[in-house]
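Asks: Need a 3D model of the sequence below.
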Amino acid sequence: MEKIKIGNRWIGEGEHCFIIAEIGSNHDGKLEQAKKLIDIAKE
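Replies: Take a look at the predicted model:
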């Protein structure tokens, strides 16, 4: 697998795990709900 760079992070073999979570519109346009979903994904 080729390595790619996202921001200042390298993604690929030999690099630390990089997890991306997608919350779509589950936040119903509410900032606090979006923050809660981010915290849940982080756990």
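Asks: quick one: pLDDT of Ile40?
Replies: Ile40 is assigned a predicted lDDT (pLDDT) of 89.
Asks: And the residue nearest the centre of this protein?
Replies: Against the mean C-alpha coordinate of the chain, by C-alpha atoms, centre = their mean, the closest residue is Ile20 at 2.8 Å.
Asks: what separates that one from Gly29, distance-wise?
Replies: Taking C-beta to C-beta, to the nearest Å as the measure, Ile20 falls 21 Å from Gly29. The C-beta positions use only the backbone N, C-alpha and C, and glycine is treated the same way.
Asks: quick one: the residue nearest to the centre of the chain and Ile6, what's the gap?
Replies: For Ile20 relative to Ile6 (C-beta to C-beta), the value is 9 Å.
Asks: need the strands for this protein, in chain order.
Replies: When assigned using DSSP state E, the strands of the chain occupy the ranges 4-6, 9-11.
Asks: right, so those: which one is the most enclosed?
Replies: Mean neighbour count, computed with mean count of other C-beta atoms under 10 Å, is highest for strand 9-11 among those, reaching a mean of 13.
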